[in-house]
Structures are given as structure tokens and as C-alpha cells.
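[1] could you look at this predicted model? Sequence included:
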Amino acid sequence: MAKSIMIQGTMSNAGKSLIAAGLCRIFKQDGYRTAPFKSQNMALNSFITEEGLEMGRAQVMQAEAAGIKPSVYMNPILLKPTNDVGSQVIVNGEVIGNMSARDYFAYKKKLIPDILKAYHKLEEEYEIIVIEGAGSPAEINLKADDIVNMGMAKMADAPVLLVGDIDRGGVFAQLVGTIMLLEEEEKARIKGLIINKFRGDKTILDPGIKMLEEKCGIPVVGVAPYLHIEVEDEDSLTERFDHMQEVSMIDIAVIRLPRISNFTDFNPFENIKGVSLRYVQSAAELKNPDMIILPGTKNTMEDLLWMRQNGLEAAILKAASAGKVIYGVCGGYQMLGKSIQDPYHVEAGGEIAGMGLLPMDTIFAAEKTRTRVSGKFQTVGGILSGLSGISLEGYEIHMGMSKLEEGEQGLTEICDTNTQSAQKTEGAQKGNIYGSYVHGIFDKGAVASEVVRSLAAAKGIEAEEISSVDFQQFKETQYDILADELRKHFDMERIYQILGEK
């Protein structure tokens, strides 16, 4: 039977996902077969497994850190918000429908058998399971029916490490207040405290740590520094949207749609010297980029109307007429077409005009497409012609089918990775406008660097320093750095004692 340890936080974005990933890497390095687990995740960043099932990307990242293939058993419930009061509910990788927050709250305890089945599957295969909570265990209005924090800790009989975020201030109040709001049985599960995102001289913090331990009767097992690690983050409170607004030699602007999903598609550009990757919400923020990316979204029609109302659509159309590169991914690709129809009320229903930049129409289907793909770019025209023939990998996850007008050219040739089905044409291109359903299309080998080289050439810049970035290999180095830093600042001997391993 596997040992387990659970990472809970005093709030969202306290650093649970990163610390869980770091522990997964440490346990792997120490020779243990380790897997991550999160019973319920709310995120728009999702991933398609080799089996064609959908799960949250945070557990994919943690699985990568553990050196194993992602499985939906690591995230049996995924909630993808469709609006402010409702979500698409995905169980064991399959969509079971859309629910309001109130309906899901009344329904979720029926999913406990699915949670336990997934957890027990991992127990059969792995020696250590690193469980991640969600939000805070002290949400007193939600505790009675909890399935993701202390409720999950009880189901797994797992010891808990409680993480507080010192960067936001008030970390002692966070930790003490959270513990005070727990029941005695829940308090007893907390075996260690972690102070996360610390900057400065730790000796100044030490008196506070001593008082914290005295008040709580729980040891502080680590003070993690503020780490600048390039791994994929949860979408709800990512800092990526804010930290890069300066324009570099090659400037790429991603439209920060209200319901943006899978923005991790663009992370490879962040690791190329001389490139700025900016997330913009208004025409004023757009400036004059070399490429504009329309990303995926959970609600294509509403987000297109949002751009139409705030002037971003007009700014993009102006940039397109000036010959700028416009690239749409998934929902962003659908927006670039002539029309979007929703006969099954997948979103709001009805039909709206698209941006008219690509010669295709989209009809939303009742069934979601979920598949991993591989293939290559076809003969590509325009500024990005250097992509022609370059191989690609990724996955499709969408509700719509887009049909090109007769005689128009697709962007890629792909096949289903699992079935090795016949190659099919996918995506669209017209001049310097490009679109594709494939998420992760920039991750493999030379794709991102060739995009940047092409953009540089169009400006008359010799981009000699641009090298091919294997994003997966880069992430491996980041997981090792994360593990090294946590080893320096965590009492791993105490954590192993808590885990029950010697």
C-alpha cells in the first residue's frame, strides 16, 4: 500500500502545486515510484492523455516532475468554468455535463466512489502519492461536503503539510487562523507547516517561526524562497499575465480573453532570447507586435463579442490589413473564420459572424473532440513559410468542427497518435493569417524558434542567437532546480518521518 502526504494551502496560489511538484521530483530522485493526485481541480488549462481523456495540466506538470505518464487517475474530477456561476464537469476524463455552482455542490458527494477508485488505482502502482488540496481547508461554508481538502485527507488517511504565502503578507495569521478554524480531528492531521515565497534574511524570520510553532504546536518543516522556476502554473491566479509588458526585439502579443484556456501553449516563446510574450486585454495594450495570438477559450462566442465591444477585434483587423502575423489556436482559430454556429447550445446558441480572416466556417458539435496528434506543417505561405515541413506534436480538445471553403489550403497534416489513423488536413492559412486546433503546437523541437526566426527575418533582423528549444528537455532541468532548492530549505528528514518512510 502506497504512503501518502498531502499539501494544503491557506489560500489559492499559496504554492501548493509547485511544492507538490518539487516533492514528486525529490521522491523520484530518491528512488521511489511517485505519483501526484488531486481529487478535484478547477482550471481551464487541460490536457489530453494518451487514452484521449481530459485532465488538469497541474497534475500533468507534477507527473512530469515524477517522471511518469499523466493519467486521469491523478485528477478524477476537472471543473472547467463556463461562466461566473457554472462549470463543465469532467469525471474520469469524460464530460458529464454543465452544472451551476449550486447544483454541483449538491451533487459532488456522489463522486466520492470515482475519487476513491482513482486513488486506489494509484496505490496499486506507486509507493508514494503526493496529494494536492484546493484553495483552503478552512472554507467553513464548504467543509461539510469537502472532497478535496480535509475530506480527501481523511479518505486517504494522509498527513498534511500546510503552506502559507509570505509574499502576500500576514503569513502567521494565515497559518494560525486556518488551523483555528479546523476541527480537532483535522488539526491533528497537520504534521508540518511550510512558509512559501520568502525573500530576504531568514534570521529575521526565525523569532516568528519559533512563536508560530509554540502557538500551533506544529513544526515548520520548510521556508521556501521565492523561486523563479519556469514550469506550468494553474490558470486561475497565474502571474504570467502581469510580469512581461516590455517590448523586446521580437514582440508577441497574446490576447488575454476573459475565458482564456491552455495559455501554456505559448510558454516556449518565453525561453527564447530577445522575445517578449505579452498578455493584453485592450487595444491600447496591444501596441505594435510582430505577431498576435488568439488563444483557446472556454467560450468562443462570448469572448469574440468581448473583443468586438472593447475595440480589440478592430485593432487586430487593422494589424492583419497591415500584414502582421495573426495566429489562432483552438477557440482563437474559430474566431478567425467567417462564421460560428451553435445549433446544440454548446455555448449561447445561435450564430455570429467571425472575424473573416480565414476562409472557413465553424459549427459547434454536441460531442467534444479529444485526441493526441502528430504530423507536420504543410507548405506554409506568408511570413511563417519557414514552418513548411516541420514536424509537430500536440492534442486537440474542442467542441466545434471547422470546414474550409473549397480550394483553400490547410495548415497541417496530422493523425491520431493512438490509432495512427490516416493523415488529415487540419487548420487554415491565408496570407499571414494562420489557425489550428492543435494545442502544444509550439512545444516540439524547432517550431517556436522557427516562428521567431521568421518574424525576425520579416523585420530585416538576423536572429543568429535563436536556437531550437526542446521545451520538454528545458522543463526537465527546471524540475531538477526546483527539487534542489526545496532540499536546501526543507527538513526532508522530518518530511520522510511524517510520510512514514525512513
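    That came through fine. Residues are numbered from 1 along each chain as shown.
[2] what residue of this protein is the furthest out?
    No residue in the chain sits farther from the centre than residue 214, which is 37.9 Å out by CA atoms, centre = their mean.
[3] so that one versus residue 208, what's the distance?
    According to CB to CB, to the nearest Å, residue 214 stands 11 Å off from residue 208. (Glycine included, C-beta is placed from N, CA and C.)
[4] how about the lengthiest helix in the chain: buried residues?
    Longest helix in the chain by number of residues (criterion: DSSP state H): helix 471-489. Under the neighbour-count criterion of 16 or more other CB atoms under 10 Å, helix 471-489 has 471, 475, 478-479, 481-483, 486, 489 buried.
[5] can you add pLDDT and give these back as JSON lines?
    As requested, the buried residues of helix 471-489 are exported to JSON lines (pLDDT from 0 to 100):
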{"residue": "471", "pLDDT": "74"}
{"residue": "475", "pLDDT": "87"}
{"residue": "478", "pLDDT": "92"}
{"residue": "479", "pLDDT": "96"}
{"residue": "481", "pLDDT": "95"}
{"residue": "482", "pLDDT": "96"}
{"residue": "483", "pLDDT": "97"}
{"residue": "486", "pLDDT": "97"}
{"residue": "489", "pLDDT": "97"}
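[6] report the two of those residues separated the most.
    Spatial extent of the buried residues of helix 471-489 (CB to CB) is set by the pair 471 and 489 at 27.0 Å.
[7] so the residue farthest from the centre of the chain: helix, strand or coil?
    helix (DSSP: H, G, I helix; E, B strand; the rest coil).
[8] strands of the stretch 251-400 of the chain, start to end?
    Taking DSSP state E, counting those that start in this stretch as the test, the strands found in the stretch 251-400 of the chain are 260-261, 275-280, 291-294, 296-297, 325-329, 339-342, 350-353, 360-377, 391-404.
[9] and the second one, which strands flank it?
    Under the criterion DSSP bridges, strand 275-280 sits next to strand 250-255 (parallel) in its sheet.
[10] now do residue 93 against residue 390, distance only.
    With CB to CB as the criterion, residue 93 and residue 390 are 30 Å apart.
[11] neighbour count for those two, which is higher?
    More neighbours surround residue 93 than the other of residue 93 and residue 390, with 21 against 16 (other CB atoms under 10 Å).
[12] contacting residues around that one?
    Residue 93 makes contact with 49, 51-55, 72, 370, according to CB atoms under 8 Å, 6 or more residues apart in numbering.
[13] ok, of the residues you listed, which one's closest to residue 195?
    Residue 195 has its nearest neighbour among the contacts of residue 93 in residue 55, at 30.0 Å by CB to CB.
[14] in the sheet, who's paired with that closest one?
    With DSSP bridges as the rule, residue 55 is bridged to residue 47.
[15] where's it relative to residue 92, distance?
    From residue 55 to residue 92 the distance is 9 Å (CB to CB).
[16] give me the common contacts of the two.
    residue 72.
[17] who has more neighbours out of these two?
    Set residue 55 next to residue 92 and count neighbours by other CB under 10 Å: residue 55 wins out with 27 against 19.
[18] I figured that one was touching residue 74, is that so?
    Yes - using CB atoms under 8 Å, residue 55 makes contact with residue 74 at a distance of 6.7 Å.
[19] quick one: low-confidence parts of the stretch 401-502 of the chain?
    463-470, 501-502 (pLDDT under 70).
[20] distance between the helix or strand just after the longest helix of the chain and the chain's centre?
    Downstream of helix 471-489, the first helix or strand assigned by DSSP states H and E is helix 492-499. Centroid displacement of helix 492-499 relative to its chain, using CA atoms, centre = their mean, to the nearest Å, is 29 Å.
[21] check which residues of helix 492-499 are buried.
    For helix 492-499, by 16+ other CB under 10 Å, it's 492, 495-496, 498-499.
[22] I'd like those written out as a markdown table, with distance to residue 267 added.
    Formatted as a markdown table, those follow (distance: CB to CB, whole Å):
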| residue | distance to residue 267 |
| --- | --- |
| 492 | 29 |
| 495 | 29 |
| 496 | 32 |
| 498 | 33 |
| 499 | 31 |
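[23] between the residues you listed, which is closest to residue 68?
    Out of those, the member with the shortest distance to residue 68 (by CB to CB) is residue 499, at 18.3 Å.
[24] go ahead and confirm the closest one touches residue 161.
    No - with contact defined as CB under 8 Å, residue 499 does not count as touching residue 161 (9.9 Å).
[25] find the residues that touch each one of those two.
    What both residue 499 and residue 161 touch, as defined by CB under 8 Å, 6+ apart, is the set residue 5.
[26] top of the contacts of residue 93 by neighbour count?
    residue 55 leads those on contacts (other CB under 10 Å) with 27 neighbours.
[27] from residue 41, how far off is it?
    Counting by CB to CB - residue 55 and residue 41 are separated by 8 Å.
[28] for residue 165, same thing?
    For residue 165, the distance to residue 41 - CB to CB - is 19 Å.
[29] and what of residue 224?
    For residue 224 relative to residue 41 (CB to CB), the value is 22 Å.
[30] who has more neighbours out of these two?
    Neighbours were counted for residue 224 and for residue 41 using other CB under 10 Å; residue 41 has more, 25 against 22.
[31] do I have it right that that one meets residue 79?
    Yes - the criterion here is CB under 8 Å, and residue 41 meets it with residue 79 at 7.1 Å.
[32] what sits against the closest residue to residue 38 other than its chain neighbours?
    Distances taken as CB to CB, 6 or more residues apart in numbering put residue 132 closest to residue 38, at 4.4 Å, once the chain neighbours are dropped. By CB under 8 Å, 6+ apart, the contact list for residue 132 reads 6-7, 16-17, 20, 36-38, 58-59, 62.
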